[in-house]
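**Student:** Please find the sequence and the predicted model below.
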Amino acid sequence: TVLQRRSIVRVGSNTPIPIHIRLICATNQNLQEMVAKGEFREDLLYRINTIHVEIPPLRERKEDIIPLAERFMIRFCKQYDKALMKFTPDAKAKLKAHLWYGNIRELEHVIEKAVIINDSPLVPAELFQLSIPRTESQEKNISTLEEMEMQMIRKALDACSGNLSAVAAQLGITRQTLYNKMKKFGL
């Protein structure tokens, strides 16, 4: 109602108060897909989707990694009252090779940690304890949490010959939770 009418009504009042706001929404979900599944209100999507800007994940924007890392370096050196540090060429290469599944927040955290623990004017590659980059074939085999959950329930159903009490016990969940998940996954 606030988005549609551009006004609010205080609790206990009947008088609408006009408001002027700019609403910025961000998500890593596919809202169109969620609307199709009934997981997101279609009318709300149309109200918030005036201008749509899609920003690819950091791993698809390798050219942005070093400029962002340098910007974070400047900010954290000031914040922690340290002399400005520079990345070694190996450090830059390691940052660019990483896949950054946590996107910019992960990069920001890595740089902050480097500033905190480094006492040298140069930041070496060894300072970054990054997770091992996944290969493309590994990437394809990674399932969503829901897919894994559904597979576990199916396996337990097969193993227990459909005995729902045994399935719930095997999975360590209540029968009600099992019913809810089976309904959710259409099992």
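**Tutor:** Structure's in. What do you need?
**Student:** From now on I want contacts and neighbour counts done on CA atoms only, so please keep to that.
**Tutor:** Fine.
**Student:** Could you check how far Met148 is from Gly186?
**Tutor:** Relative to Gly186, Met148 is positioned 15 Å away (criterion: C-alpha to C-alpha, to the nearest Å).
**Student:** who has more neighbours, these two?
**Tutor:** Met148 (12 against 8; other C-alpha atoms under 10 Å).
**Student:** that's a helix at the more buried one, yeah?
**Tutor:** Yes: assigned with DSSP: H, G, I helix; E, B strand; the rest coil, Met148 falls within a helix.
**Student:** State the pLDDT value of it.
**Tutor:** As predicted, Met148 sits at a pLDDT of 78.
**Student:** roughly how far apart are it and Asn103?
**Tutor:** Applying C-alpha to C-alpha to Met148 and Asn103 gives a distance of 23 Å.
**Student:** pretty sure Met85 contacts Pro121?
**Tutor:** Yes: using C-alpha atoms under 8 Å, Met85 is in contact with Pro121, at 4.6 Å.
**Student:** Quick check on these two: which one has the bigger neighbour count.
**Tutor:** Taking other C-alpha under 10 Å, Met85 and Pro121 do not tie; Met85 has more neighbours (19 against 14).
**Student:** so how far is Val115 from that one?
**Tutor:** 8 Å.
**Student:** Over to Lys86?
**Tutor:** 10 Å.
**Student:** And for Arg105?
**Tutor:** 15 Å.
**Student:** Give me the more crowded residue out of the two.
**Tutor:** Using other C-alpha under 10 Å, the more surrounded residue of Arg105 and Val115 is Val115, with 28 against 11.
**Student:** Can you work out which residues contact both of Met85 and Val115?
**Tutor:** Met73, Cys77 (C-alpha atoms under 8 Å, 6 or more residues apart in numbering).
**Student:** where does Ser7 land on pLDDT?
**Tutor:** 92.
**Student:** where exactly do the strands run in this protein?
**Tutor:** For the chain, applying DSSP state E gives strands covering 7-9, 16-18, 86-87, 122-123.
**Student:** how about those, which one is nearest Ala168?
**Tutor:** Using C-alpha to C-alpha as the measure, strand 7-9 is the one of the strands of the chain that comes nearest Ala168, at 46.9 Å.
**Student:** and that closest one, how far out from the chain's middle?
**Tutor:** 32 Å (C-alpha atoms, centre = their mean, to the nearest Å).
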